[in-house]
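K.L.:
Requesting a structural model of the entry that follows:
(2 chains)
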Number of protein chains: 2
Amino acid sequence: MYIPTYHDIKKAHKRIQNHIVTTPLLRQTQLDEELHSRIFLKLESVQKTGSFKLRGAMNKLLCIKEQLDKRHVTPSSVSIVACSSGNHAQAIAYASTVLGFSATIVMPHDAPTIKIEKTRAYGAEIVLYDRLTEIREDIAKEICQKKQGIFVHPFDDPDVIAGQGTAGLEIVADIKTMHATIDCVIVPASGGGLASGISIAIKSCYPQADIYVVEPEGYDSMAISIEQQAITSLAPSHMSICDALMAKTSGELPYTINRQYASKFATVDDEAIKNAVKKAFYDLKLVIEPGGGAALACLLSSSLKEKYTNIVILISGGNIDSRLLYEIVG
Amino acid sequence: MYIPTYHDIKKAHKRIQNHIVTTPLLRQTQLDEELHSRIFLKLESVQKTGSFKLRGAMNKLLCIKEQLDKRHVTPSSVSIVACSSGNHAQAIAYASTVLGFSATIVMPHDAPTIKIEKTRAYGAEIVLYDRLTEIREDIAKEICQKKQGIFVHPFDDPDVIAGQGTAGLEIVADIKTMHATIDCVIVPASGGGLASGISIAIKSCYPQADIYVVEPEGYDSMAISIEQQAITSLAPSHMSICDALMAKTSGELPYTINRQYASKFATVDDEAIKNAVKKAFYDLKLVIEPGGGAALACLLSSSLKEKYTNIVILISGGNIDSRLLYEIVG
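P.N.:
Coordinates of the predicted model:
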């Protein structure tokens, strides 16, 4: 198991920077006035494909392409296979098209329409499965064998994690430009890829900063695994509004990285998420998806804002169906 | 008639910078790939109060406060009076509360609910009027006399225009940091305050850049006034979806400034506006109001993207009712 380093993240950034959006670190100071803190919002919702996932996907696919180039294999002869509730799907589909791969994605049939449609529009083939009765990894493996494809894991991969970490590099660069500092970073987690990459990047520059990993209530597999000192799978009895954060098992690599960096944990319920999505709409004029608002939900509903002064929030994605947004914002 | 200078805008920026959001100049390069241009989106939608209007309102109120301070008059004894379809209203209400003035705003009864509610929430008293049968300036004048208040015009005021121009200063600073350049700026207009401020700021640094002033179809009072070489009032026979851009007469100062800077003009219809709001929702994850999307609508529907390479778009506001957004994005 190779754990990516700060240096790997810097290499990843160099590799992907012409393919991604350098997203803003927004200081919407009206929020500061309300919360009596200094809040920095990293807007991965405005990233290409609508979430941070493009960073990891693009880094991984560029790494694969470098290997293939050495063997004089053209990407067009290679199938990329992935499974995803929708954001990794879009990222893999988009990156594959840009780099010339073909892509097949295994997606739950109840994924948001916007995610399924966009994944298809980016040129990927989609295989739908039932979240409750089928195991997506098994389906993906079968496709991989049939197509002799390359499987790209959504989080348990050092190149993917290094890619996600580039969001952390950009945060550090902007914080330095603003002559500011970081006391705390709040980041949503499903498998834990973003949280891992962010932890490595931020802790390398601000070792005293605390990293809060936020999971939906009932889907806090990372927090429970760390507490029990072993990767623990959950069997949640309810759905979460955060369609992007419903991993039942954390990744091995993210688990190890979160242990190493002594991450702290928090959970948010659907109500807190809805409030965050609503706040983003009314006060920040940002379209954010439920999972993308988990860190904001945590900030608004917890006492972290009283504990820390300089708080970075990852707004990790914006792919929400308009009907759900309308239902939430009323 | 005093025409504000580049120096006035720099002074305004110094005056207001701790009270406003330095908004991002977003390069969402997926848009570039689609349009085969380099697009820079100035996100005034994420400005405090949800539009650029705070810049002008804050500069004006700080100027008034400086004058009052000299006379040892406290702001709390002074009423600020304004008329506005909603964005200038919120800006004046918010700035008044921050600086300690009381505020009374004359608003059309059919203004978006979000704009009326927020103006009230910021602490202003609201007087509603009928857009079709009443003249808002007359009502405001009456209130001014009764309350011995100070009227703040939404656009025909050098301090307000200098304030709006600070968005242009920020654009120039970011363009320089990005080692980029500007060939063309597209900016929405109602009375023309933002377009004027932007023209002064941008043309002072990039004299070769073309400024496109975008008005809704039927509400192109600035274009017609410039063409006829005299300020011309319109009597539009239809409403526009752009509730913020329905001025029937351009300001004298904006008219003079637009003449001086040889601005170019364009109009957009409701359909183009709806497409822009939809595009912002789906692809940029931004909540923008109809008027705030006029420049984006112009970019998407016109041939400007073929004519220019480096194009700056003002996204001027984000105050849209959720129901209208849902109707538009479907």
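K.L.:
residues touching residue A:111, list them.
P.N.:
Contact analysis of residue A:111 by C-beta atoms under 8 Å, 6 or more residues apart in numbering or on different chains lists A:85-86, A:89, A:243. Any C-beta I mention is one placed from the backbone N, CA and C, and that applies to glycine too.
K.L.:
do you know how far it is from chain B?
P.N.:
16 Å (C-beta to the nearest C-beta, to the nearest Å).
K.L.:
Also residue A:269?
P.N.:
With C-beta to the nearest C-beta as the criterion, residue A:269 and chain B are 22 Å apart.
K.L.:
The residue in the stretch 151-300 of chain A that chain B sits nearest to - how many residues pack around it?
P.N.:
The nearest approach of the stretch 151-300 of chain A to chain B comes at residue A:285, 3.2 Å away (C-beta to the nearest C-beta). By the criterion of other C-beta atoms under 10 Å in any protein chain shown, residue A:285 has 26 neighbours.
K.L.:
which residues touch the single nearest residue of the stretch 51-200 of chain A relative to chain B?
P.N.:
Nearest to chain B, among the residues of the stretch 51-200 of chain A, is residue A:114, at 7.2 Å (C-beta to the nearest C-beta). Taking C-beta under 8 Å, 6+ apart, we find residue A:114 in contact with A:319-322, B:282.
K.L.:
Return the distance of it relative to residue B:329.
P.N.:
10 Å (C-beta to C-beta, to the nearest Å).
K.L.:
where do the contact lists of these two overlap?
P.N.:
A:322, B:282.
K.L.:
Now do the residue in chain A sticking out farthest from the centre, the pLDDT please.
P.N.:
The C-alpha centroid of chain A is most remote from residue A:72, which lies 32.3 Å away (C-alpha atoms, centre = their mean). Residue A:72 is assigned a pLDDT of 96 by the prediction.
K.L.:
Repeat that for residue A:323.
P.N.:
Turning to residue A:323, the model gives it a pLDDT of 95.
K.L.:
my guess is it meets residue B:329, correct?
P.N.:
No. The pair residue A:323 / residue B:329 is not scored as a contact, 9.5 Å apart, by C-beta atoms under 8 Å.
K.L.:
These two: who's more crowded?
P.N.:
Under the neighbour definition other C-beta under 10 Å, residue A:323 and residue B:329 were set side by side, and residue B:329 has more, 19 against 13.
K.L.:
Distance check, that one against residue A:151.
P.N.:
In terms of C-beta to C-beta, residue B:329 sits 35 Å off from residue A:151.
K.L.:
All the helices of chain A, residue numbers only.
P.N.:
A:6-16, A:29-35, A:53-70, A:87-99, A:113-121, A:136-147, A:158-177, A:193-205, A:221-228, A:252-260, A:270-279, A:294-301, A:304-307, A:322-329 (DSSP state H).
K.L.:
how about CSV for those, with distance to residue A:106 added?
P.N.:
Shown next, in CSV, are the helices of chain A (distance: least, C-beta to C-beta, whole Å):
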stretch, distance to residue A:106
helix A:6-16, 24
helix A:29-35, 38
helix A:53-70, 15
helix A:87-99, 8
helix A:113-121, 11
helix A:136-147, 5
helix A:158-177, 17
helix A:193-205, 17
helix A:221-228, 20
helix A:252-260, 20
helix A:270-279, 25
helix A:294-301, 24
helix A:304-307, 36
helix A:322-329, 23
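K.L.:
List, one by one, the residues from chain A near chain B.
P.N.:
Chain A has residues A:20-22, A:24, A:26-30, A:43, A:45-46, A:48-50, A:114, A:281-288, A:318-319, A:322-323, A:325-326, A:329-330 near chain B, with proximity defined as C-beta under 8 Å from any C-beta of the partner chain.
K.L.:
now with 7 Å?
P.N.:
A:21, A:24, A:26-30, A:45-46, A:48, A:50, A:281, A:284-287, A:318, A:322, A:326, A:329-330 (C-beta under 7 Å from any C-beta of the partner chain).
K.L.:
Buried ones from these, can you make that a ChimeraX selection?
P.N.:
Buried subset of the residues of chain A next to chain B, written as a ChimeraX selection, criterion 16 or more other C-beta atoms under 10 Å in any protein chain shown:
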select /A:21,24,26,27,28,29,30,45,46,48,50,281,284,285,286,287,318,322,326,329
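K.L.:
Which members of the residues of chain A next to chain B occur in strands, if any?
P.N.:
Residues of these located in strands (DSSP state E): residue A:26.
K.L.:
Residue A:208 and residue B:205, how far apart?
P.N.:
Plainly put, residue A:208 is 41 Å away from residue B:205 if you go by C-beta to C-beta.
K.L.:
hmm, I was thinking of residue A:196
P.N.:
Relative to residue B:205, residue A:196 is positioned 43 Å away (C-beta to C-beta).
K.L.:
Of those two, which one has the most company?
P.N.:
residue A:196 (37 against 16).
K.L.:
In contact with the more buried one, which residues are there?
P.N.:
Neighbour list for residue A:196: A:161, A:253-254, A:257-258 [criterion: C-beta atoms under 7 Å, 6 or more residues apart in numbering or on different chains].
K.L.:
pLDDT and neighbour count added to these, as a markdown table?
P.N.:
Below are those laid out as a markdown table (pLDDT from 0 to 100; neighbours: other C-beta atoms under 10 Å in any protein chain shown):
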| residue | pLDDT | neighbour count |
| --- | --- | --- |
| A:161 | 98 | 33 |
| A:253 | 96 | 23 |
| A:254 | 96 | 29 |
| A:257 | 97 | 25 |
| A:258 | 94 | 25 |
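K.L.:
okay if I get the residues you listed as CSV plus distance to residue A:5?
P.N.:
Shown next, in CSV, are the contacts of residue A:196 (distance: C-beta to C-beta, whole Å):
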residue, distance to residue A:5
A:161, 11
A:253, 13
A:254, 15
A:257, 11
A:258, 16
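K.L.:
picking that back up, residues touching the residue of the stretch 151-300 of chain A closest to chain B, list them.
P.N.:
Listed by C-beta under 7 Å, 6+ apart, the contact partners of residue A:285 are B:45-46, B:50, B:286-287, B:318.
K.L.:
Residue A:215 too?
P.N.:
By C-beta under 7 Å, 6+ apart, residue A:215 lies in contact with A:189, A:222-223, A:245, A:267.
K.L.:
tally of neighbours for the closest residue to residue A:231 other than its chain neighbours?
P.N.:
Among residues not flanking residue A:231 along the chain, residue A:225 sits closest, at 4.8 Å (C-beta to C-beta, 6 or more residues apart in numbering or on different chains). Applying other C-beta under 10 Å, we find 23 residues neighbouring residue A:225.
K.L.:
I'd say residue A:225 and residue A:232 touch.
P.N.:
Yes. Residue A:225 lies in contact with residue A:232 (C-beta atoms under 7 Å); the separation is 4.7 Å.
K.L.:
Need the residue closest to the centroid of chain A.
P.N.:
residue A:194 (4.7 Å).
K.L.:
Settle this for me: that one is touching residue A:164, isn't it.
P.N.:
Yes. If you go by C-beta under 7 Å, residue A:194 and residue A:164 touch, sitting 4.6 Å apart.
K.L.:
Now the common contact residues for the two.
P.N.:
Shared contacts of residue A:194 and residue A:164 (C-beta under 7 Å, 6+ apart): residue A:52.
K.L.:
my guess is residue A:216 meets residue A:243, correct?
P.N.:
No. In this structure, residue A:216 is not within contact of residue A:243 by C-beta under 7 Å, at 9.9 Å.
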